[in-house]
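> Requesting a structural model of the entry that follows:
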Amino acid sequence: MKISETITYAAPPETVYAMVTDAAFQKRKCVEAGARRHEAAVSPAGDGARVVTKRDLPADDLPDYAKSIVGSTLSVTETYEWGAGGADGSRPGTLTVEVAGAPVAMRSTIRLSASGSGTQITIDGDLKASIPLFGGKIEKAAAPAVIHAIRSEQRTGNAWLSERS
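Okay, here's the model as predicted:
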């Protein structure tokens, strides 16, 4: 299932990149998404960065058939691999989201770029559930949670930036 979302921020690309590669921001993002437990790590990767968050989220909003696969908690690992910045501050990258104990993952290309007087991060992903017969049904159940997480990150990022301006 294709998922395409755009996150917008009223700050220049360099400021947004500094935010998304800040471990404190990543931890706050997990807390504000309702994580019961979380961890975040940021490490240099060439001229970019690798950002990994792991969080346990309640599976309350999933349909019963999906809960039968993942249980009462979704253990989600999100990995951003940011590439080198361009002269205009833009950066390419990838985003992988995996659910522990379930054959569900999203693989995406991402791009951080200037947009007007701010910045946008575009996410173009493919959510796949590798379950015979039920894969499409699981993807449809998981997609709203993925989109909610992306939009939650935007709200957290906007609050983070406004506190620092």
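> and Leu74, bridged to which residues?
Leu57 (DSSP bridges).
> Contacts only, for it.
Leu74 sits next to Asp56, Leu57, Pro58, Ala59, Leu62, Val99, Ala145 when contact means CB atoms under 8 Å, 6 or more residues apart in numbering. Heads up, the C-betas are built off the backbone N, CA and C, glycines and all.
> Pull the contacting residues for the first one.
When contacts are counted by CB under 8 Å, 6+ apart, Asp56 is found next to Ala35, Arg36, Arg37, His38, Thr73, Leu74, Ser75, Val76.
> Go through the biggest helix by length in the chain and flag the buried ones.
Looking across the chain with DSSP state H, the single longest helix is helix 135-163. For helix 135-163, a neighbour-count test (16 or more other CB atoms under 10 Å) marks 138-139, 141-142, 145-146, 149-150, 153-154, 156-157, 160-161 as buried.
> Greatest separation within these: which pair is it?
Farthest apart among these by CB to CB are Ile138 and Leu161. That separation is 34.9 Å.
> Can you tell me how far Arg111 is from Val99?
24 Å (CB to CB, to the nearest Å).
> okay, these two: which has more neighbours?
Val99 (22 against 15; other CB atoms under 10 Å).
> Tell me where this structure is predicted with low confidence.
61-72, 133 (pLDDT under 70).
> Quick one: the strands in it, in order.
Listed in chain order, the strands found in the chain under DSSP state E are 2-9, 37-45, 48-58, 73-82, 91-99, 104-115, 118-129.
> List just the nearest of the contacts of Leu74 to Ala10.
Nearest to Ala10 among these, with distances taken as CB to CB, is Ala145, at 26.7 Å.
> Isn't Tyr80 up against Pro92?
No. The pair Tyr80 and Pro92 does not pass the contact test of CB atoms under 8 Å, sitting 11.3 Å apart.
> that older thread, adding distance to Ala105, write the contacts of Leu74 out as TSV.
Converted to TSV, these look like this (distance: CB to CB, whole Å):
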residue	distance to Ala105
Asp56	17
Leu57	16
Pro58	20
Ala59	17
Leu62	16
Val99	7
Ala145	13
